[in-house]
Every structure is written in C-alpha cells, then in structure tokens.
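J.: how would this look folded up:
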Amino acid sequence: MLSKNHHIAQAPEYVHQFKCIGSSCPDTCCNGWSVDIDKNTFKKMRDLKGTELASRVKKYFKINPEGSGNSYARVTMDSDLKCPMQNEEKLCSIQVEIGAEYLSHTCKTYPRKIVKNSFVKEMYTTLSCPEAARLCLLSEDGWSLKPLDLGVPIGKPLLVQGGYKEEAEGTISFNFEMIRAFVYELCRGRNMPSWKRMLLLGLTCQKIDAMVESKPENFDAYLEQCILESRLSSINGTFSEQVENILPIAKVKHLQASLIKLMTEERLRMTRADQRPFFNETFIRCIKQTVDGYNKSLEASNQIDELTRYSRFEQFDKSKPHILENYLINGFFSSLFPMGKKTSLVDQWSDQMIRYALIRFYLKGMSESLGSDFSEKDCVDLIYSFAKVIEHNSTFLPRIKEMLKGADMDGIATIAILIR
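T.: All right, here's what the predicted structure looks like:
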C-alpha cells in the first residue's frame, strides 16, 4: 500500500522482495569495512548510559576528523576487523537491544541504493549482500520498475547516491530513456554472445562521445540514427561475424589471462588504511577454485581442442543467461548510465566492463574446478564477494585503469580482449 505522505521510489521486483535474513546470512554486512555513523545517530548513541552496550559505544565510536554528515563518525573495528557491535548470532546488538531507530543511516539503508533519474527516484541494491545478490541474479521476472513505499515521511531527507536533472534537447540527459532502452536490449538480447553485445555497446558509446564532442546541429536525430544502426548490425548478424574474425579466442586467451591475473594480484596486494589486509573468505575460496580450474585446463590442453576449452561455463551461461544479464543491468541502471559520475560514456562503460570481465574469468575457472557441481550458488557467492572486495573499494578501478594506461592498453581494444 502506497502512502501519499511517504517518499516513493521506482524499483525492480527483486528490490520489492528483499528483506534481511539476519543470522541465516552466510556473511555479515560490516566485517572488514569502515562503518560510517551520521552526526545525529552518534550524539544519540553517546547519550546512552549505564549499560554494557553504552560502554562499547563509548569505546568504539570515534569522530572522523575528515568526516561530515553521514560520515561524521566511524566504528573502530576489532582486531579481526569485525564490528564490535555484532553479537554471537551475527546480529547487530544495537538493533536487538534498543531498536532500529538507533541505527546509523548507513546501517539502516544498506544494501539499498537510491538514485534520481531526473525527477524520479529509483531504488536498487548493491550486490555485496548475499541475499540481495541471490534475488537479483536468479530473478527471471524482468526489470520493469514498480512503485515502492520507502516508509520515510515526505519532508525527511533521503540519501540519494547519484542523480541528474534533464536538460534541453541536444544533450545526453534529454535522450536518457532512449539510451537506457538500448542498453537494456543489448543486455537481454540473446541473438549473439553477451561479450559481443557489450562490445557493440562500447563502440556505440565511442560514437556518441564523438558526437557530444563535435556538437552537431541535429544531435538528437544523429543519436537516434547511431543507435538504430547499432541495433541493425546486432539483428542482421554482420557485427557478430566481423568481431569473430577480428578477435578469435585462440589469439586472445593468453593475453586475457595475463591481464586479469595482474588485476587480481593488484587487488590482493591492497590493504586497508591501517595496513591490515582484509580478504573476504568466500572471495578467496572462489579465487582458489579459479586458479585450480585454469591449472586443470592447462594440464588437459594437449588432449582437447583449443576452442573447446572452458566450454563448461559457456554451456552453463547459455542455459542460465539471466544471471550475468541481471548483473549487467543492475550495474548500468544503479549507476544511472549514461548519466553516471563520469562524463564520457566510454569511461562509464569500461568501468562496468572491467568488473564484468573479471567475473566472467573467475566463473570460467570455477566451473572447470567444480565440474558438474558448479551451480547458481557458486555464481552468487563469487559475485557477492567480488562486489564486497572489489566494487566497494574506491581505489581499485582507478589503479587498474592507470595501470592499463601506463602500458598504453586503455582503449576499447583491450576491453574487448578482457570480455572475450
């Protein structure tokens, strides 16, 4: 039931279904991270007196000298990088003992994310939550957005993590819905492999960026024509055939493996600010399975045709294409592509593609390692832990892109190799 007195957001079905599963969750929200505390919550919590919880708050809640607003203070993690507010059942003792109204804004809203599409609020989730990842990735309900009552009175501010205002004709924002519809079609269109569809999107973004730079008089008409041409090349098969000849798998697989190995090693070398490394256990297990799988395939390489290697995941992906499609759509929609934080559409696209390439590579190796036991659950485990370790790390992607740029490999051709 929608209330006219509450904030309303448009949300896909999986967000409507989501609710925290508490101690049944295979992971926890806060381990290994910095947990921000807004100013109002900090003051309210510091006023608690005479309880064991109050003593822990006093000990572990510290003002952030560089923070403000929702990051006014932070929870100091214990020696194992676990939140000291967590009880033995892996539940938040604040919520259990004194109620959800004492939770910080960060803890109250995670993993939900509100963005603003012009004047319309939309809600998605980050996939670093295992239950949110499961609901999103395994859903076959489609991505039509439906109104969701947020339960927050109008007049009370919401934390919106991205947004834009529609501008006049001749701009990307004016054509937002047309571009988003094209992105959705490519993510869900199964007339060619997903990596080809994503490469077509990247090349289309490159053309649109050039149009933005040159500012043609009939920008909107040129943009519509550009998207129409890309649609046609996807439908009639010409793009698929051309790409297959340019990027045969036998030629790119070794370079792809080398690049992704470098990226993975870079992330594993990175540490928290206090120099204590945090590696999510599920992510480490998935990486070990990836390495094991690729080692197995190398050992067998003399006995099988090169083109059949790693086909186990390709067959799995063909039978359950919605998993990676949902990952891509959630990434594009929640970042408000093409109106993301970066001006260039190619830059926004390449950020998504580097993450997508890593995930595909890991899943291929895992499927070889686990054989017939490889399942949807393994996909969910990899993607939620990947989101937690890599997508939530604000320095990883800039470092990787800088690394590629230093090697003169920061163009669309390199991304094409990564996602092949």
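
J.: In this model His6 seems to touch Lys121, though I could be wrong.
T.: No. The pair Lys121 / His6 is not scored as a contact, 11.4 Å apart, by CB atoms under 8 Å. From N, CA and C alone the C-beta is placed, and that goes for glycine too.

J.: didn't Ile227 look like it was pressed against Glu177?
T.: No. In this structure Ile227 lies outside contact range of Glu177 using CB under 8 Å: 11.8 Å.

J.: Just want to know which of these two has more residues nearby.
T.: A count of neighbours by other CB atoms under 10 Å puts Ile227 above the other of Ile227 and Glu177, at 20 against 11.

J.: secondary structure element for that one?
T.: Using DSSP states H and E, Ile227 falls within helix 219-235.

J.: what's that helix packed up against?
T.: Packing contacts for helix 219-235, counted by 3 or more CB pairs under 8 Å, 6 or more residues apart in numbering; DSSP states H and E, involve helix 176-188, helix 194-214.

J.: tell me the angle that helix makes with helix 194-214.
T.: Using axes from the mean of the first three to the mean of the last three CA atoms, to 10 degrees, one finds that helix 219-235 and helix 194-214 are set 160 degrees apart in direction.

J.: Any chance you could list what contacts helix 219-235?
T.: Identification of contacts with helix 219-235 by CB atoms under 8 Å, 6 or more residues apart in numbering yields 169-171, 174-175, 178-179, 182, 185-186, 189, 191-192, 197, 200-201, 203-204, 207-208, 211, 216, 239-240.

J.: Equivalent analysis for stretch 162-182, please.
T.: Outside stretch 162-182, the residues that reach it (CB under 8 Å, 6+ apart) are 115-119, 201, 204, 208, 212, 215, 219-220, 223-224, 227, 230-231, 332-333, 335-341, 345.

J.: How far does it sit from its chain's centre?
T.: 22 Å (CA atoms, centre = their mean, to the nearest Å).

J.: was I right about Val96 contacting Met85?
T.: No. Look at Val96 against Met85 with CB under 8 Å: they stay out of range, at 9.6 Å.

J.: who has more neighbours, the two?
T.: Shown here are Val96 and Met85; by other CB under 10 Å, Met85 has more neighbours (23 against 14).

J.: surely that one meets Phe61?
T.: No. If you go by CB under 8 Å, Met85 and Phe61 don't touch, sitting 9.2 Å apart.

J.: who touches both of those two?
T.: Listed as contacting both Met85 and Phe61 by CB under 8 Å, 6+ apart are Val75.

J.: Mind giving me the packing neighbours of the longest helix anywhere in the chain?
T.: Using DSSP state H to define each element, the chain has its longest helix at helix 345-370. Counting contacts by 3+ CB pairs under 8 Å, 6+ apart, helix 345-370 packs against helix 194-214, helix 249-269, helix 281-299, helix 311-319, helix 322-334, helix 376-386, helix 396-406, helix 412-419.

J.: Just give me the lowest mean pLDDT stretch among the ones you listed.
T.: In terms of mean pLDDT, the lowest-scoring of the helices and strands packed on helix 345-370 is helix 249-269 (a mean of 76).

J.: Which positions in it come out as buried?
T.: For helix 249-269, the neighbour count (16 or more other CB atoms under 10 Å) marks 252-253, 256, 259-260, 263-264, 267 as buried.
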